[in-house]
Structure formats: structure tokens, C-alpha cells
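Enquirer: My questions are about this predicted structure, shown below with the sequence.
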Amino acid sequence: MERKRPMGIALIGSFYIFGSIVLLLSLFVYELPFEKYGIAARLGLPNVPEHLARFLVGASSLVMAYGYLKLKRWGYWLMVAYSIYFLTVSGYLFILYKDQPFLGNIIWSLIVIAYSYSKRSHFYMKPQQIRVGG
């Protein structure tokens, strides 16, 4: 039985690719004046330099999203692990600061975890059973 990639997986993977490209492009901007919390703070790593955090998160998100979009098991597990970590850190920071970016991160992480779990069978199919697109 052939299955194609679910639209939700395509959307989640595309959001992560878009976000990682924006993060990598933001390396060329010295400081973003509208951003109250940097990516390092959002990940619970306030002592990590912001540009290093942006590069590492942007590059690793590209790899993670590629594996997720290609329905690779490692892409699924990286996405789930990252989402659980992001959920945990955002939950802690939301309790600490009661600020919107952390609540939005909590909601997004829950959506990604729940949807990925509901479609986990797509990541465990043999490559010849997967039809991407169309």
C-alpha cells in the first residue's frame, strides 16, 4: 500500500525550513530592535552568544526539517525530541515571565508533537512504500 506525505508534515517541515532560513539570514543583522527575547533565551541558553545560537538552531533546523519532510525515522525523532525540549523550556519560561512568545511556543510544540505522533506510521514505512507528493 502506497501512501503520500501528509499535508501536515509538509506544512510543519516547511515552517521549520522557512524559520531556519530567516534565522540564518538574521545573522547579518546586528540587532533586531523588535525582538524582546533572542533565540538563545527562548531555548533556555541565555549564556550562549546570540549569533552562535542563531547559527546552530538555524542549521540544525534545516537538517531536522529535511529528515522530517523526507519521512526519515531520524527526522521524526529529532522533531519530537526538539519539540519536547522546546515545550519544556517554554513552559518553564512562561511560568517565570508570563510572556506571549513562550505561550505561543508551548502551543506550537504541542501541535507538532501531537500531529507527528498521529502520523508516526509514515516514518516507519519502507522507502518503496512512500510516494512523496502528488
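Expert: Here it is on my side, so go on.

Enquirer: and the residue nearest in space to the middle of the chain, what element?
Expert: Central residue of the chain (Cα atoms, centre = their mean): Tyr16, 5.2 Å from the mean position. Secondary-structure assignment from DSSP states H and E places Tyr16 in helix 7-25.

Enquirer: for that helix, what is the average pLDDT?
Expert: On average, the pLDDT along helix 7-25 is 94.

Enquirer: what helices or strands is the next helix or strand after it leaning on?
Expert: The helix or strand immediately downstream of helix 7-25 is helix 39-42, counting by DSSP H and E. On a contact count with 3 or more Cβ pairs under 8 Å, 6 or more residues apart in numbering; DSSP states H and E, helix 39-42 meets helix 50-69, helix 73-97, helix 100-118. For the C-beta atoms, the positions are set from N, CA and C on the backbone; glycine is no exception.

Enquirer: Would you mind finding the most buried of these?
Expert: Comparing those by mean neighbour count (mean count of other Cβ atoms under 10 Å), helix 50-69 ranks first with a mean of 18.

Enquirer: so how far is it from its chain's centroid?
Expert: How far helix 50-69 lies from its chain's middle: 8 Å, per Cα atoms, centre = their mean, to the nearest Å.

Enquirer: That one versus helix 73-97: what angle between them?
Expert: If you take axes from the mean of the first three to the mean of the last three Cα atoms, to 10 degrees, helix 50-69 sits at 140 degrees to helix 73-97.

Enquirer: With only the CA atoms kept, save helix 50-69 in CSV.
Expert: Coordinates of each C-alpha in helix 50-69 appear next as CSV, following Å, rounded to 0.1, in the frame of the first residue of the first chain:
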residue,chain,number,x,y,z
GLU,A,50,23.1,35.1,20.3
HIS,A,51,24.7,34.8,16.9
LEU,A,52,26.1,31.3,17.7
ALA,A,53,22.6,30.2,18.9
ARG,A,54,21.0,31.6,15.7
PHE,A,55,23.5,29.7,13.6
LEU,A,56,23.3,26.4,15.4
VAL,A,57,19.5,26.4,15.6
GLY,A,58,19.1,27.5,12.0
ALA,A,59,21.5,24.9,10.7
SER,A,60,20.1,22.1,12.8
SER,A,61,16.5,23.0,12.0
LEU,A,62,17.3,22.7,8.3
VAL,A,63,18.7,19.2,8.8
MET,A,64,15.8,18.3,11.1
ALA,A,65,13.2,19.6,8.7
TYR,A,66,14.8,17.8,5.7
GLY,A,67,14.6,14.5,7.5
TYR,A,68,11.1,15.2,8.6
LEU,A,69,9.9,16.1,5.1
